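> Requesting a structural model of the entry that follows:
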Amino acid sequence: MSAPTTDAPTTRELLTEIASREPGYDDREPEVERRERRFVRWLLITVALAIVAIVAVLWWLDPISVTGRQTRFSVVENGGVRQAKLDLMEDLPAPPEVMILGSSRSMKIDPADITDLTNQSAFNGGVSGGTSKDIYLYARYADQLWGSDGHFPHLVIGVVNDVFRDDGTAGFDPRLRRFLPSGEKETPKQEVLTELLQWKTLQSAARVTPKVVRRDGWGSLLHPVQTSGALRADLAVEGTQQSNQKKNFSAEGLQLFLPVKSLKVPLKKRIDGQMRTYVANTYTNDPEFTGIDPAALVRMRRTITLANQLGDVPTIWVTPYQPQAAAKYLPDELYAKRNQVFLDAMEELEQDPSLDFHFVRETADLASFGGNPNDFYDGIHMKPANTRRVMAYLNDKGLLARAVPAAADAGK
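Here you go, the predicted model:
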């Protein structure tokens, strides 16, 4: 048997030789050229297969909760919120008369406070990172569940000046995806792929997988989905993750807060940590966002139109920042520019004679409803004392309760 040849160049030598060639100069023999083309072809195939394999593994583990599944590997504290809210809507024994919509700022509103103020039932449909897409899709789902019976709720929508983004995970759940236009039904897959290909996703998977496997065994890799428990980022990082978010909410959709160590930290430190992340994600890392996506404005218009057709005049109010957090951290020029675009868009909707809604812009100022700067969890999320104050303010203006039909009112 002949000895193996050592004439073939190594991969490093081949790449070095290719890189050293002068542009436009090619003295390669046909056989060398074919070998190099074959090498490049297989290199590209190998890289493509590696990317596909990595994406497949990240989708299976879903460490950032973007696939609509609930896995024990999730490190996202708000993972599964949208699915949980849909489940809770389906479980309600009777349609609510008032429905809260919006982002995580609205998630802190207690439906019981609305019931105390209005004597009407309420449900909190706010979701983390909610935009006009979430607002529209959850309004459509409320219509599907209750609208045909004449029980569409009064919408009370908390917004901020980035509500007119059109991204997010609102369309991942098939119960909501059906309401997207036909040309957008595939968009969630693109969004999922974008999220999975981020470096932070790979880091999250690498951090949590060994800990979960140590706890639950290698079988956890074959069966990552669980059906009970609660998603918590700290538990995932510790390797003690459990299931989904449904148990983190009351039957009326209120996010349940258990005593946690972070609340023992002074408010100033909580604001500092949270606002740095918020400003980085919302402004620093996204300086090109103008303040409005045209498709997002269309979705808000459709939400108001839907509510009007079903007999409701929605209330849209602006959620406030903690004053010191806003003054210290919000980028003055960029924030002012985006905020003006947001207000101009809302004014455009207000001036449309075909739309009927109430826009409460003054609640952006904490003082307008007697809010206390100390009653915040961080720079953007209000504690119950402040959420009760703003709901009472809306109620005093006659904007919180579902309108009573004239015939029913006359019969009282």
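> dump the residue contacts of Met107.
By C-beta atoms under 8 Å, 6 or more residues apart in numbering, the contact set of Met107 is Val81, Asn124, Gly126, Val127, Ser128, Leu254, Gln255. C-betas here are computed from N, CA, C, even on glycine.
> Pull the residues that contact the helix or strand hosting Glu333.
With secondary structure defined by DSSP states H and E, Glu333 is part of helix 332-350. By C-beta under 8 Å, 6+ apart, the surrounding residues in contact with helix 332-350 are 161-164, 283, 287, 289-292, 297, 300-301, 304, 316, 355, 357, 359, 361.
> mind listing what's buried in that helix?
With burial defined by 16 or more other C-beta atoms under 10 Å, the residues of helix 332-350 counted as buried are Leu334, Tyr335, Arg338, Asn339, Val341, Phe342, Leu343, Ala345, Met346.
> who does the helix or strand just after that helix touch, helix- and strand-wise?
From helix 332-350 onward toward the C-terminus, using DSSP H and E, the following helix or strand is strand 358-360. Using 3 or more C-beta pairs under 8 Å, 6 or more residues apart in numbering; DSSP states H and E as the contact criterion, the secondary-structure elements in contact with strand 358-360 are strand 315-318, helix 332-350.
> Please save the CA atoms from whichever helix or strand comes after strand 358-360 in PDB.
Using DSSP H and E, the helix or strand that directly follows strand 358-360 along the chain is helix 384-396. Listed in PDB are the C-alpha atoms of helix 384-396, where the atom choice follows Å, rounded to 0.1, in the frame of the first residue of the first chain:
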ATOM      1  CA  PRO A 384     -50.900  50.000  42.300                       C
ATOM      2  CA  ALA A 385     -51.300  53.300  44.100                       C
ATOM      3  CA  ASN A 386     -50.500  55.300  40.900                       C
ATOM      4  CA  THR A 387     -52.500  53.000  38.600                       C
ATOM      5  CA  ARG A 388     -55.500  53.400  40.900                       C
ATOM      6  CA  ARG A 389     -55.100  57.200  40.700                       C
ATOM      7  CA  VAL A 390     -55.000  57.300  36.900                       C
ATOM      8  CA  MET A 391     -58.000  55.000  36.600                       C
ATOM      9  CA  ALA A 392     -59.900  57.200  39.100                       C
ATOM     10  CA  TYR A 393     -59.000  60.200  36.900                       C
ATOM     11  CA  LEU A 394     -60.400  58.500  33.800                       C
ATOM     12  CA  ASN A 395     -63.500  57.600  35.700                       C
ATOM     13  CA  ASP A 396     -64.000  61.100  36.900                       C
END
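> and helix 384-396, what's its mean pLDDT?
Mean per-residue pLDDT for helix 384-396: 97.
> rewinding a little: out of the helices and strands packed on strand 358-360, nearest to Ile64?
Comparing the helices and strands packed on strand 358-360 by their distance to Ile64 (C-beta to C-beta), the top pick is helix 332-350, with 25.8 Å.
> Could you list the alpha-carbon positions for the closest one in PDB?
Listed next in PDB are the C-alpha coordinates belonging to helix 332-350 (Å, rounded to 0.1, in the frame of the first residue of the first chain):
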ATOM      1  CA  ASP A 332     -33.900  65.100  24.900                       C
ATOM      2  CA  GLU A 333     -33.800  65.800  21.100                       C
ATOM      3  CA  LEU A 334     -34.600  62.300  19.900                       C
ATOM      4  CA  TYR A 335     -37.300  61.800  22.500                       C
ATOM      5  CA  ALA A 336     -38.900  65.200  21.700                       C
ATOM      6  CA  LYS A 337     -38.800  64.400  18.000                       C
ATOM      7  CA  ARG A 338     -40.500  61.000  18.400                       C
ATOM      8  CA  ASN A 339     -43.000  62.300  20.800                       C
ATOM      9  CA  GLN A 340     -44.100  65.000  18.500                       C
ATOM     10  CA  VAL A 341     -44.500  62.500  15.600                       C
ATOM     11  CA  PHE A 342     -46.600  60.400  18.000                       C
ATOM     12  CA  LEU A 343     -48.800  63.300  19.000                       C
ATOM     13  CA  ASP A 344     -49.200  64.400  15.400                       C
ATOM     14  CA  ALA A 345     -50.300  60.900  14.500                       C
ATOM     15  CA  MET A 346     -52.900  60.900  17.300                       C
ATOM     16  CA  GLU A 347     -54.100  64.300  16.200                       C
ATOM     17  CA  GLU A 348     -54.600  62.900  12.700                       C
ATOM     18  CA  LEU A 349     -56.800  60.200  14.100                       C
ATOM     19  CA  GLU A 350     -58.700  62.700  16.200                       C
END
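> Off-centre distance for that helix?
For helix 332-350, the gap between its own C-alpha mean and the chain's C-alpha mean amounts to 21 Å (C-alpha atoms, centre = their mean, to the nearest Å).
> could you point out the longest helix in this protein?
Of all segments of type helix in the chain, defined using DSSP state H, the longest is helix 30-61.
> what about stretch 138-154, start to end distance?
Between the start and the finish of stretch 138-154 there is a gap of 13 Å, counting by C-alpha to C-alpha, to the nearest Å.
> brain fart, stretch 341-360
Using C-alpha to C-alpha, the end-to-end distance of stretch 341-360 comes out at 16 Å.
> And the strands in the stretch 151-300 of the chain, which stretches?
Assigned strands in the stretch 151-300 of the chain, in chain order: 154-159 (criterion: DSSP state E, counting those that start in this stretch).
> which residue ranges form the helices in it?
174-177, 187-196, 199-216, 219-222, 233-237, 267-279, 294-309 (DSSP state H, counting those that start in this stretch).
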